[in-house]
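Engineer: coords below, sequence missing:
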Ligand code: DHB
(Lines give C-alpha, C1' and ligand atoms only; values in the text may rest on other atoms or scores of the structure.)
Protein backbone atom coordinates (compact mmCIF):
# COMPACT_ATOMS: atom_id res chain seq x y z
CA UNK A 1 0.00 0.00 0.00
CA UNK A 2 1.29 3.46 -0.85
CA UNK A 3 2.50 5.51 2.07
CA UNK A 4 0.66 8.78 2.67
CA UNK A 5 2.96 11.54 3.90
CA UNK A 6 1.41 13.93 6.40
CA UNK A 7 4.73 15.28 7.68
CA UNK A 8 5.48 18.96 7.27
CA UNK A 9 8.01 21.64 8.13
CA UNK A 10 7.79 25.16 9.47
CA UNK A 11 11.00 27.12 8.86
CA UNK A 12 13.53 24.36 9.40
CA UNK A 13 11.46 22.64 12.06
CA UNK A 14 10.30 19.20 10.99
CA UNK A 15 6.97 17.80 12.22
CA UNK A 16 6.30 14.08 11.67
CA UNK A 17 2.58 14.92 11.55
CA UNK A 18 1.02 18.24 10.54
CA UNK A 19 -1.47 18.01 13.45
CA UNK A 20 -0.73 19.57 16.85
CA UNK A 21 -2.58 21.06 19.79
CA UNK A 22 -3.71 24.70 19.91
CA UNK A 23 -2.27 26.85 22.65
CA UNK A 24 -4.59 26.90 25.67
CA UNK A 25 -6.00 23.42 25.10
CA UNK A 26 -4.76 20.98 27.78
CA UNK A 27 -1.19 22.29 27.69
CA UNK A 28 -0.78 24.23 30.95
CA UNK A 29 0.42 21.67 33.50
CA UNK A 30 3.21 19.12 33.70
CA UNK A 31 0.76 16.21 33.31
CA UNK A 32 -0.91 17.78 30.30
CA UNK A 33 2.42 18.48 28.58
CA UNK A 34 3.72 14.96 29.31
CA UNK A 35 0.54 13.54 27.76
CA UNK A 36 1.13 15.59 24.64
CA UNK A 37 4.75 14.43 24.48
CA UNK A 38 3.60 10.81 24.47
CA UNK A 39 0.82 11.39 21.92
CA UNK A 40 0.96 11.30 18.14
CA UNK A 41 0.73 15.11 17.83
CA UNK A 42 3.38 16.36 15.42
CA UNK A 43 4.49 19.11 17.82
CA UNK A 44 3.51 20.62 21.14
CA UNK A 45 2.65 24.17 22.05
CA UNK A 46 2.25 25.43 25.62
CA UNK A 47 -0.49 27.53 27.16
CA UNK A 48 0.34 31.21 26.60
CA UNK A 49 2.58 32.21 29.45
CA UNK A 50 3.37 35.38 31.35
CA UNK A 51 6.47 36.14 33.40
CA UNK A 52 4.81 35.26 36.70
CA UNK A 53 2.25 32.53 37.42
CA UNK A 54 -1.40 33.61 37.02
CA UNK A 55 -4.48 31.96 38.48
CA UNK A 56 -6.74 33.42 35.79
CA UNK A 57 -10.39 34.50 35.98
CA UNK A 58 -13.10 33.20 38.29
CA UNK A 59 -14.96 30.00 37.30
CA UNK A 60 -17.05 29.07 35.45
CA UNK A 61 -14.76 30.37 32.70
CA UNK A 62 -15.08 27.72 29.97
CA UNK A 63 -18.24 26.23 28.48
CA UNK A 64 -18.80 23.99 25.47
CA UNK A 65 -21.86 23.01 23.46
CA UNK A 66 -22.43 20.97 20.31
CA UNK A 67 -21.16 23.59 17.89
CA UNK A 68 -18.43 25.32 19.84
CA UNK A 69 -16.95 26.71 23.01
CA UNK A 70 -16.78 30.00 24.87
CA UNK A 71 -13.96 30.97 27.22
CA UNK A 72 -12.72 33.79 29.36
CA UNK A 73 -9.85 32.05 31.11
CA UNK A 74 -7.77 35.12 31.93
CA UNK A 75 -4.42 33.55 31.07
CA UNK A 76 -4.03 31.02 33.88
CA UNK A 77 -0.49 29.67 33.51
CA UNK A 78 2.43 28.52 35.61
CA UNK A 79 4.78 31.34 34.56
CA UNK A 80 7.45 31.19 31.85
CA UNK A 81 10.16 29.63 34.02
CA UNK A 82 8.06 26.51 34.54
CA UNK A 83 7.68 26.03 30.76
CA UNK A 84 11.36 26.74 30.09
CA UNK A 85 12.66 24.33 32.74
CA UNK A 86 9.98 21.67 32.15
CA UNK A 87 12.03 20.39 29.22
CA UNK A 88 15.34 20.20 31.02
CA UNK A 89 15.29 16.60 32.20
CA UNK A 90 13.09 15.20 29.52
CA UNK A 91 14.14 13.16 26.52
CA UNK A 92 11.75 14.18 23.83
CA UNK A 93 11.56 13.84 20.15
CA UNK A 94 9.14 16.41 18.87
CA UNK A 95 9.21 20.14 18.26
CA UNK A 96 8.29 22.26 21.27
CA UNK A 97 6.65 25.66 20.71
CA UNK A 98 6.41 28.15 23.57
CA UNK A 99 3.41 30.48 23.46
CA UNK A 100 3.98 33.82 25.14
CA UNK A 101 1.48 36.52 25.98
CA UNK A 102 3.04 39.40 27.89
CA UNK A 103 0.64 42.05 29.15
CA UNK A 104 2.93 44.91 28.12
CA UNK A 105 5.69 45.57 25.59
CA UNK A 106 8.29 45.23 28.34
CA UNK A 107 6.91 41.89 29.47
CA UNK A 108 6.82 40.55 25.90
CA UNK A 109 10.44 41.58 25.36
CA UNK A 110 11.47 39.93 28.61
CA UNK A 111 9.69 36.68 27.66
CA UNK A 112 11.37 36.59 24.25
CA UNK A 113 14.74 37.32 25.83
CA UNK A 114 14.36 34.58 28.45
CA UNK A 115 13.32 31.97 25.92
CA UNK A 116 16.25 32.80 23.62
CA UNK A 117 18.56 31.28 26.24
CA UNK A 118 16.86 27.85 25.98
CA UNK A 119 17.91 25.69 23.07
CA UNK A 120 15.10 23.19 23.73
CA UNK A 121 12.50 25.73 22.65
CA UNK A 122 12.18 25.26 18.89
CA UNK A 123 9.96 28.27 18.21
CA UNK A 124 7.96 31.02 19.85
CA UNK A 125 4.32 31.76 19.13
CA UNK A 126 3.60 35.34 20.15
CA UNK A 127 -0.01 35.56 21.19
CA UNK A 128 -1.28 38.87 19.79
CA UNK A 129 -4.88 37.97 20.30
CA UNK A 130 -5.82 37.22 23.91
CA UNK A 131 -9.32 38.63 24.32
CA UNK A 132 -9.91 38.12 28.02
CA UNK A 133 -7.67 40.25 30.18
CA UNK A 134 -9.55 42.76 32.35
CA UNK A 135 -6.69 45.18 32.86
CA UNK A 136 -6.01 45.38 29.16
CA UNK A 137 -9.19 45.19 27.10
CA UNK A 138 -7.25 45.85 23.91
CA UNK A 139 -6.45 42.99 21.58
CA UNK A 140 -2.92 43.64 20.31
CA UNK A 141 -3.69 42.04 16.95
CA UNK A 142 -6.12 44.85 16.14
CA UNK A 143 -3.60 47.61 16.92
CA UNK A 144 -1.39 47.75 13.85
CA UNK A 145 1.01 50.44 15.07
CA UNK A 146 1.66 48.63 18.31
CA UNK A 147 2.34 45.35 16.47
CA UNK A 148 4.82 47.05 14.21
CA UNK A 149 6.65 48.72 17.10
CA UNK A 150 6.80 45.52 19.13
CA UNK A 151 8.12 43.43 16.22
CA UNK A 152 10.71 46.09 15.49
CA UNK A 153 12.04 45.73 19.06
CA UNK A 154 11.85 41.94 19.16
CA UNK A 155 13.84 41.46 15.96
CA UNK A 156 16.65 43.67 17.23
CA UNK A 157 17.88 40.72 19.28
CA UNK A 158 15.73 37.63 18.77
CA UNK A 159 17.37 34.53 17.28
CA UNK A 160 14.50 32.01 17.59
CA UNK A 161 11.96 31.17 14.92
CA UNK A 162 8.96 33.34 15.73
CA UNK A 163 5.33 32.97 14.75
CA UNK A 164 2.34 35.13 15.55
CA UNK A 165 -1.07 33.99 16.71
CA UNK A 166 -3.52 36.33 15.07
CA UNK A 167 -7.10 37.20 15.92
CA UNK A 168 -9.66 36.78 13.14
CA UNK A 169 -9.93 39.64 10.64
CA UNK A 170 -13.07 40.35 8.69
CA UNK A 171 -12.28 42.93 6.03
CA UNK A 172 -9.74 43.40 3.27
CA UNK A 173 -8.36 46.66 4.62
CA UNK A 174 -7.30 44.85 7.81
CA UNK A 175 -5.93 41.84 5.93
CA UNK A 176 -3.82 44.14 3.75
CA UNK A 177 -2.56 46.29 6.62
CA UNK A 178 -1.50 43.43 8.88
CA UNK A 179 0.06 41.52 5.97
CA UNK A 180 2.13 44.55 4.92
CA UNK A 181 3.51 44.80 8.45
CA UNK A 182 4.22 41.08 8.86
CA UNK A 183 5.95 40.90 5.46
CA UNK A 184 8.57 43.38 6.69
CA UNK A 185 9.80 41.09 9.48
CA UNK A 186 11.65 37.75 9.45
CA UNK A 187 8.76 35.85 10.98
CA UNK A 188 8.50 32.10 10.36
CA UNK A 189 4.77 31.53 10.63
CA UNK A 190 1.38 32.91 11.55
CA UNK A 191 -1.29 30.92 13.33
CA UNK A 192 -4.82 31.88 12.44
CA UNK A 193 -7.25 32.15 14.01
CA UNK A 194 -7.54 32.69 17.73
CA UNK A 195 -11.05 32.58 19.17
CA UNK A 196 -13.56 35.11 17.86
CA UNK A 197 -13.76 37.69 20.65
CA UNK A 198 -16.78 38.87 22.59
CA UNK A 199 -19.35 36.18 21.90
CA UNK A 200 -22.20 35.28 24.24
CA UNK A 201 -23.78 31.86 24.79
CA UNK A 202 -27.10 31.62 26.64
CA UNK A 203 -28.46 28.93 28.94
CA UNK A 204 -32.08 29.20 27.86
CA UNK A 205 -33.54 27.53 30.96
CA UNK A 206 -31.79 29.92 33.28
CA UNK A 207 -32.05 32.81 30.79
CA UNK A 208 -28.43 33.44 31.71
CA UNK A 209 -24.92 33.70 30.38
CA UNK A 210 -22.81 30.57 30.95
CA UNK A 211 -19.43 31.97 32.03
CA UNK A 212 -18.81 34.33 34.92
CA UNK A 213 -15.96 36.71 33.85
CA UNK A 214 -16.49 39.75 31.62
CA UNK A 215 -20.30 39.71 32.06
CA UNK A 216 -20.50 36.43 30.15
CA UNK A 217 -18.66 37.65 27.04
CA UNK A 218 -15.86 35.39 25.83
CA UNK A 219 -13.82 34.05 22.94
CA UNK A 220 -15.70 31.62 20.69
CA UNK A 221 -13.97 28.54 19.29
CA UNK A 222 -14.90 25.18 17.81
CA UNK A 223 -16.94 23.98 14.81
CA UNK A 224 -18.89 27.19 14.49
CA UNK A 225 -15.84 29.32 13.64
CA UNK A 226 -14.46 27.15 10.81
CA UNK A 227 -15.58 29.39 7.90
CA UNK A 228 -13.71 32.33 9.44
CA UNK A 229 -10.62 30.24 10.17
CA UNK A 230 -10.56 29.04 6.56
CA UNK A 231 -11.02 32.54 5.16
CA UNK A 232 -8.18 33.91 7.28
CA UNK A 233 -5.85 31.06 6.29
CA UNK A 234 -6.66 31.61 2.62
CA UNK A 235 -6.32 35.41 2.72
CA UNK A 236 -2.94 35.20 4.44
CA UNK A 237 -1.84 32.47 2.04
CA UNK A 238 -2.25 34.92 -0.81
CA UNK A 239 -0.96 38.03 1.01
CA UNK A 240 2.07 36.87 3.01
CA UNK A 241 5.59 36.11 1.72
CA UNK A 242 5.82 32.51 0.59
CA UNK A 243 8.45 31.67 3.26
CA UNK A 244 5.94 32.49 6.03
CA UNK A 245 4.07 29.28 6.88
CA UNK A 246 0.47 29.33 7.99
CA UNK A 247 -0.76 27.18 10.84
CA UNK A 248 -4.51 26.79 10.50
CA UNK A 249 -6.55 26.77 13.68
CA UNK A 250 -10.30 26.87 14.12
CA UNK A 251 -13.17 24.44 13.79
CA UNK A 252 -11.23 21.24 13.24
CA UNK A 253 -13.10 18.10 14.30
CA UNK A 254 -12.29 15.70 11.43
CA UNK A 255 -9.70 14.73 8.82
CA UNK A 256 -11.85 16.49 6.22
CA UNK A 257 -11.57 19.77 8.18
CA UNK A 258 -7.78 19.42 8.15
CA UNK A 259 -7.84 18.78 4.40
CA UNK A 260 -9.84 22.01 3.98
CA UNK A 261 -7.36 24.04 6.04
CA UNK A 262 -4.46 22.71 3.95
CA UNK A 263 -6.36 23.36 0.70
CA UNK A 264 -6.70 26.98 1.88
CA UNK A 265 -2.93 27.16 2.38
CA UNK A 266 -2.15 25.81 5.86
CA UNK A 267 1.19 24.03 6.37
CA UNK A 268 0.10 22.55 9.70
CA UNK A 269 -3.00 22.68 11.90
CA UNK A 270 -3.81 23.14 15.57
CA UNK A 271 -6.78 21.66 17.40
CA UNK A 272 -8.27 23.35 20.47
CA UNK A 273 -11.95 22.92 21.38
CA UNK A 274 -12.25 19.37 20.00
CA UNK A 275 -9.05 18.31 21.80
CA UNK A 276 -10.54 19.53 25.09
CA UNK A 277 -13.79 17.63 24.31
CA UNK A 278 -12.21 14.39 23.19
CA UNK A 279 -8.87 14.17 24.99
CA UNK A 280 -5.46 12.97 23.88
CA UNK A 281 -6.71 10.14 21.65
CA UNK A 282 -7.90 12.74 19.15
CA UNK A 283 -4.44 12.90 17.56
CA UNK A 284 -4.60 9.26 16.45
CA UNK A 285 -8.15 9.65 15.16
CA UNK A 286 -7.44 12.82 13.17
CA UNK A 287 -4.25 11.36 11.74
CA UNK A 288 -6.08 8.24 10.54
CA UNK A 289 -8.94 10.27 9.11
CA UNK A 290 -6.59 12.64 7.29
CA UNK A 291 -4.58 9.76 5.79
CA UNK A 292 -7.80 8.07 4.55
CA UNK A 293 -9.13 11.33 3.16
CA UNK A 294 -5.90 12.02 1.25
CA UNK A 295 -5.81 8.46 -0.06
CA UNK A 296 -9.40 8.66 -1.31
CA UNK A 297 -8.48 11.80 -3.19
CA UNK A 298 -5.56 9.96 -4.81
CA UNK A 299 -2.95 12.30 -3.40
CA UNK A 300 0.15 11.04 -1.60
CA UNK A 301 1.22 14.00 0.50
CA UNK A 302 -0.16 17.29 1.81
CA UNK A 303 2.07 19.17 -0.63
CA UNK A 304 0.02 17.78 -3.54
CA UNK A 305 -2.94 20.02 -2.66
CA UNK A 306 -1.68 22.67 -0.22
CA UNK A 307 -3.03 26.10 -1.21
CA UNK A 308 -4.77 24.73 -4.30
CA UNK A 309 -8.25 25.94 -3.40
CA UNK A 310 -10.14 26.55 -6.64
CA UNK A 311 -12.36 29.57 -7.00
CA UNK A 312 -15.69 29.38 -8.87
CA UNK A 313 -15.28 31.09 -12.23
C1 LIG B 1 -6.77 33.31 26.83
C2 LIG B 1 -7.66 33.19 25.80
C3 LIG B 1 -7.20 33.29 24.51
O4 LIG B 1 -8.02 33.16 23.43
C5 LIG B 1 -5.88 33.51 24.29
O6 LIG B 1 -5.43 33.65 23.04
C7 LIG B 1 -5.01 33.63 25.30
C8 LIG B 1 -5.45 33.52 26.59
C9 LIG B 1 -7.20 33.23 28.22
O10 LIG B 1 -8.21 33.84 28.56
O11 LIG B 1 -6.49 32.61 29.01
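Structural biologist: Ah, there it is. Owing to the predicted nature of the structure, the values given are computational and were not obtained by experimental measurement.
Engineer: which bits of the stretch 101-250 of the chain sit near the ligand?
Structural biologist: Taking Cβ under 6 Å from any ligand atom, the part of the stretch 101-250 of the chain that reaches the ligand is made up of 101, 127, 129, 130, 131, 132, 194, 195, 219. No exception for glycine: its C-beta is placed from N, CA and C like everyone else's.
Engineer: Export those to JSON lines and append columns for pLDDT.
Structural biologist: Converted to JSON lines, those look like this (pLDDT from 0 to 100):
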{"residue": "101", "pLDDT": "97"}
{"residue": "127", "pLDDT": "97"}
{"residue": "129", "pLDDT": "86"}
{"residue": "130", "pLDDT": "81"}
{"residue": "131", "pLDDT": "71"}
{"residue": "132", "pLDDT": "74"}
{"residue": "194", "pLDDT": "98"}
{"residue": "195", "pLDDT": "97"}
{"residue": "219", "pLDDT": "97"}
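Engineer: Just the residues you listed: which are in strands?
Structural biologist: 127, 219 (DSSP state E).
Engineer: All the strands of the stretch 151-300 of the chain, residue numbers only.
Structural biologist: Ranges of strands within the stretch 151-300 of the chain are 162-166, 189-192, 196-199, 202-203, 208-209, 218-221, 245-249, 268-271, based on DSSP state E, counting those that start in this stretch.
Engineer: need these in TSV with mean neighbour count and distance to residue 300, can you?
Structural biologist: What follows is those, written out as TSV (neighbours: other Cβ atoms under 10 Å; distance: least, Cβ to Cβ, whole Å):
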stretch	mean neighbour count	distance to residue 300
strand 162-166	25	27
strand 189-192	28	24
strand 196-199	18	35
strand 202-203	12	47
strand 208-209	14	48
strand 218-221	27	32
strand 245-249	28	21
strand 268-271	28	18
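Engineer: what's the closest of these to residue 32?
Structural biologist: Closest approach to residue 32 among the strands of the stretch 151-300 of the chain (Cβ to Cβ): strand 268-271, 14.1 Å.
Engineer: of all the strands of the stretch 151-300 of the chain, which lies closest to residue 153?
Structural biologist: Among those, the nearest to residue 153 by Cβ to Cβ is strand 162-166 (12.3 Å).
Engineer: name the helices or strands packed onto that closest one?
Structural biologist: Here strand 162-166 touches strand 123-127, strand 189-192, strand 245-249, going by 3 or more Cβ pairs under 8 Å, 6 or more residues apart in numbering; DSSP states H and E.
Engineer: Now do stretch 268-275: everything it contacts.
Structural biologist: For stretch 268-275, contacts defined as Cβ atoms under 8 Å, 6 or more residues apart in numbering pick out 8, 10, 15, 18-26, 42-43, 45, 64, 68-69, 191, 221-223, 245, 247-249, 252-253, 258, 261-262, 282, 286.
Engineer: May I have the distance across that stretch, first residue to last?
Structural biologist: 16 Å (Cα to Cα, to the nearest Å).
Engineer: With stretch 65-80 instead?
Structural biologist: 32 Å.
Engineer: gap between that stretch and the chain center?
Structural biologist: Per Cα atoms, centre = their mean, to the nearest Å, the displacement of stretch 65-80 from the mean C-alpha position of its chain is 13 Å.
Engineer: Over to stretch 123-142?
Structural biologist: The mean C-alpha position of stretch 123-142 is separated from the chain mean by 12 Å, Cα atoms, centre = their mean.
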